[in-house]
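*Asks:* sequence first, then the predicted structure:
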Amino acid sequence: MKVAVVGAGPAGVRAVEQLVRAGLRPLWLDEAPDGGGRIYQRPPAGFRRGAAALYGLEAKRAQALHAALDAAKPAAEWRPDTLVWDVTWAEKRLHLLHQGRAEAVEVDAAILCTGAMDRVVPLPGWTRPGVTTLGGAQIALKAQGCAIGPKVVFLGSGPLLWLVAYQYMKAGANVAAVLDTTGFRRKLGALAGAPHDPVTLAKGLYYVARLRAAGVRVAEGVTPLAIEGEQPDAISALRWRDAAGREHSTACDAVGLGWGVRPELQLADLAGVPIGFDTVQHNWVPQRDALGRTPVPGLYVAGDGAGIGGAVVAEMAGACAAQAVLDDAGLPADQKLVNRLQRRLRRQARFRAALERAFPFPISLAATMPDETILCRCEAVTAGELRAAAAPEGPHGAAPEVNRAKAFTRIGMGRCQGRVCGAAAAEVLAAQLGTDAAGIGRLRGQAPVKPLPMPAWQGESA
Amino acid sequence: MRLVRLADQDRPEITFCFEGAACTAREGDTLLTALLAGLAGFLRQSEFEDGPRAGFCLMGACQDCRVMVEGQGRVRACTTRCTAGMRVRRA
Ligand code: FES
């Protein structure tokens, strides 16, 4: 039986581990050269910082995952640097790209562990050089030993905001401010008395306390206004409004921003897995059962790509999906392990729900972004242009859902396929049409999920 | 935009070529790091004339960081390793 595992982050590693344990030799595909996913990405050879410096309080977990990753590589058909750019599941075929060459492979089953990326809300100036996602800022530091600028502001909401700011401060970067769009009361209200994971909560409080102790400016309940700069290729300040309505301008050379993460679900979408709107995490997620089985036979999803749960959940979900594959194939599955992991996953899901309530996606911020804001950075479509597409008096009549709006305005049609702007674009359109994100629909996935190199460009001289 | 080298920077220097000029990077740098920790300031001009761009996600998702590498065509600067002798220009 040939099982493919797509992705080598926490979910992919634990899925492969279980398949190997059962005597299979899975085909293991990962876009990165060395696995680990985004959270436990390792720097290239020649970097010498140890796990404690790279992963902080998660060092033990990172080391354990790396050990499992390295042990599983030779037991699997490990193919790094390999992009899966399409899935045609009628033939159970995965379409791969490795070093510029395309290839198709047929498998009996596949576990998609495609992870997540930052969820962002555009604001004026966000396309300027110097602005990255929170995840991007973290990768610059972790995988390259660099800060995104000499003086950095972190903006957004959620656990990653505080973690990245703390990591920057600890590495000696100049953190000008941490601006949280969620108010303190909201967070307290959502977390107090709610079921939670005390360790995760304690870590969060620790980061905030250390930042405050270091004298970093911290503000909660803020409204970001614009990222400004005198030169086109640099920024000089972030303008924002505090909870009391006063306006501020914080001088900085870089801004890292993000409001939680959203699943990378393009492959599941292309494979025909129904995608539904999860109102708790405010994300579109592939339909699956508790073990990661989708309604599409032979197709499984695990980790953040199957709905946001974080790295700890992803490890357990990966192992469960592998057990489901074994069980469905009539091979002996480890029911004891599954039962134990399912109990822990249910606990984690309750905590997650509290976390989502504490750090909600800032719908109103997205819905009210100024007309002149570039919303889709690939195609330079502004919020105003999208709103015009929703107007019934427009040339095509009103776009009733996001794919029609895409056809009218080219929003989400660019190279990122709406990964970056999709969530915010839906809110702009929904507000205009008086509905919500679930009602407005989502941008459908299209192959290739990432641009493929054109042979015609090869050999073009520099 | 200027990246600041903070840690793990005692790696051997390598030379590559950007827009016809010789530049230095460190072994293990991505093209994005090599260019933006250097003096490039940005990676490309938006084709819609709304200004320069320098990547956004740094994880191969947004496709905002593309540059042209001789012999390889258009690549993502954030997921492409800078190697000695590479000839790079803005896409
Ligand atoms: S910065 Fe987003 S793909 Fe490179």
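*Replies:* On my side now, so go ahead.

*Asks:* apart from its neighbours in sequence, what residue is nearest residue 79?
*Replies:* I went with chain A, as the question did not name one. Excluding its sequence neighbours, the residue lying closest to residue A:79 (Cβ to Cβ, 6 or more residues apart in numbering or on different chains) is residue A:29, at 5.3 Å. Every C-beta, even on glycine, is put in place using the N, C-alpha and C of the backbone.

*Asks:* right idea, wrong chain: chain B
*Replies:* residue B:60 is the one closest to residue B:79 (Cβ to Cβ, 6+ apart), at 4.4 Å.

*Asks:* pretty sure the one you found sits against residue B:76.
*Replies:* Yes - because the distance of 5.7 Å satisfies Cβ atoms under 8 Å, residue B:60 is recorded as touching residue B:76.

*Asks:* surely residue B:35 forms part of a helix?
*Replies:* Yes - counting by DSSP: H, G, I helix; E, B strand; the rest coil, residue B:35 is part of a helix.

*Asks:* how far away is it from residue B:3?
*Replies:* Look at residue B:35 and residue B:3: by Cβ to Cβ, to the nearest Å, they are 9 Å apart.

*Asks:* neighbour-wise, which of the two wins?
*Replies:* In terms of neighbours (other Cβ atoms under 10 Å in any protein chain shown), residue B:35 is the more surrounded of residue B:35 and residue B:3; the figures are 29 against 26.

*Asks:* and the more buried one, what does it touch?
*Replies:* For residue B:35, the contact set (Cβ atoms under 8 Å, 6 or more residues apart in numbering or on different chains) comprises B:18, B:23, B:43, B:67, B:77, B:88.

*Asks:* count the residues that sit near the first one.
*Replies:* Residue B:18 has 22 neighbouring residues, counting by other Cβ under 10 Å.

*Asks:* do the second one as well
*Replies:* A total of 18 residues lie near residue B:23 under the criterion other Cβ under 10 Å.

*Asks:* report the beta-bridge partners for it.
*Replies:* Each beta-bridge partner of residue B:23 is listed here: residue B:16, as defined by DSSP bridges.

*Asks:* same question for the last one.
*Replies:* Note on residue B:88: beta-bridge partners by DSSP bridges are residue B:18, residue B:69.

*Asks:* residue B:68 is in contact with that one, correct?
*Replies:* Yes - under the criterion of Cβ under 8 Å, residue B:88 lies in contact with residue B:68, with a separation of 6.9 Å.

*Asks:* can you tell me the element residue A:4 falls in?
*Replies:* Secondary structure assigned from DSSP states H and E places residue A:4 in strand A:3-6.

*Asks:* which strands border that strand, and is each parallel or antiparallel?
*Replies:* With DSSP bridges as the test, strand A:3-6 is paired with strand A:27-29 (parallel), strand A:109-112 (parallel).

*Asks:* pick the most buried one from those.
*Replies:* For these, average neighbour numbers computed from mean count of other Cβ atoms under 10 Å in any protein chain shown are highest in strand A:109-112, which has a mean of 29.

*Asks:* which other residues reach that strand?
*Replies:* In contact with strand A:109-112 (Cβ under 8 Å, 6+ apart) are residues A:1-7, A:11-12, A:15, A:87, A:92, A:94, A:267-268, A:271, A:292, A:298-302, A:305-306, A:318, A:321-322, A:325, A:328-329.

*Asks:* re earlier: of residue B:60 and residue B:76, who's got more company?
*Replies:* For residue B:60 versus residue B:76, neighbours defined as other Cβ under 10 Å are more numerous around residue B:76 (26 against 18).

*Asks:* what's the burial count for residue A:419?
*Replies:* For residue A:419, the neighbour count with other Cβ under 10 Å is 26.

*Asks:* contacting residues for it?
*Replies:* If a contact means Cβ under 8 Å, 6+ apart, then residue A:419 has A:117, A:264, A:266, B:61-62 as its contacts.

*Asks:* quickly list what the spatially closest residue to residue A:184 that is not a sequence neighbour is bridged to.
*Replies:* Closest residue in space to residue A:184, ignoring its immediate chain neighbours: residue A:220 at 4.7 Å, by Cβ to Cβ, 6+ apart. Applying DSSP bridges to residue A:220 yields these beta-bridge partners: residue A:180.

*Asks:* how about the CA coordinates for the least confident helix or strand in chain B by mean pLDDT, as CSV?
*Replies:* Taking mean pLDDT, DSSP states H and E as the measure, strand B:73-76 is the helix or strand of chain B with the lowest mean score, a mean of 94. Once side chains and other backbone atoms are set aside, the C-alpha atoms of strand B:73-76 remain, and they are given as CSV (Å, rounded to 0.1, in the frame of the first residue of the first chain):
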residue,chain,number,x,y,z
GLY,B,73,14.5,32.3,-14.2
ARG,B,74,12.1,33.8,-11.8
VAL,B,75,12.5,32.5,-8.2
ARG,B,76,11.2,33.3,-4.7
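
*Asks:* now for it, which elements pack on it?
*Replies:* Counting contacts by 3 or more Cβ pairs under 8 Å, 6 or more residues apart in numbering or on different chains; DSSP states H and E, the secondary-structure elements packed against strand B:73-76 are strand B:66-69.

*Asks:* list the buried residues of the strand it packs on.
*Replies:* B:66-69 (16 or more other Cβ atoms under 10 Å in any protein chain shown).

*Asks:* and which of these is nearest to the ligand?
*Replies:* When the buried residues of strand B:66-69 are compared for distance to the ligand (Cβ to the nearest ligand atom), residue B:66 wins out at 7.6 Å.

*Asks:* not counting sequence-adjacent ones, nearest residue to residue B:86?
*Replies:* Across the structure, with Cβ to Cβ, 6+ apart as the measure, the residue nearest residue B:86 apart from its sequence neighbours is residue B:16 (4.3 Å).

*Asks:* now do residue A:50
*Replies:* Taking Cβ to Cβ, 6+ apart as the measure, residue A:50 lies nearest to residue A:59, with 8.0 Å between them; neighbours along the chain are not counted.

*Asks:* from the chain's centroid, how far away is the host helix or strand of that neighbour?
*Replies:* Taking DSSP H and E as the criterion, residue A:59 maps to helix A:59-72. Averaging C-alpha coordinates over helix A:59-72 and over its chain gives two centres that are 21 Å apart (Cα atoms, centre = their mean, to the nearest Å).

*Asks:* residues making contact with that helix?
*Replies:* A:8, A:10, A:13-14, A:16-17, A:20, A:28, A:35-36, A:39-40, A:42, A:50-52, A:54-55, A:78, A:311-312, A:315.

*Asks:* how close does residue A:268 get to residue A:89?
*Replies:* Residue A:268 sits 10 Å away from residue A:89, going by Cβ to Cβ.

*Asks:* about what we covered before: could you dump the contacts of residue A:419 into CSV with secondary structure, distance to residue A:110 and pLDDT added?
*Replies:* As requested, the contacts of residue A:419 are exported to CSV (DSSP: H, G, I helix; E, B strand; the rest coil; distance: Cβ to Cβ, whole Å; pLDDT from 0 to 100):
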residue, secondary structure, distance to residue A:110, pLDDT
A:117, strand, 21, 97
A:264, coil, 15, 97
A:266, helix, 14, 96
B:61, coil, 21, 96
B:62, coil, 25, 96
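
*Asks:* just the buried residues from these, in PyMOL please.
*Replies:* With 16+ other Cβ under 10 Å as the criterion, this PyMOL line picks the buried residues out of the contacts of residue A:419:
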select buried, (chain A and resi 117+264+266) or (chain B and resi 61+62)
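
*Asks:* biggest separation within the contacts of residue A:419, which pair?
*Replies:* Within the contacts of residue A:419, A:266 and B:62 form the most distant pair, 13.7 Å apart (Cβ to Cβ).

*Asks:* near the ligand, which residues of chain B are found?
*Replies:* Of all the residues in chain B, those in contact range of the ligand (Cβ under 6 Å from any ligand atom) are B:55-58, B:60-65, B:76, B:78.
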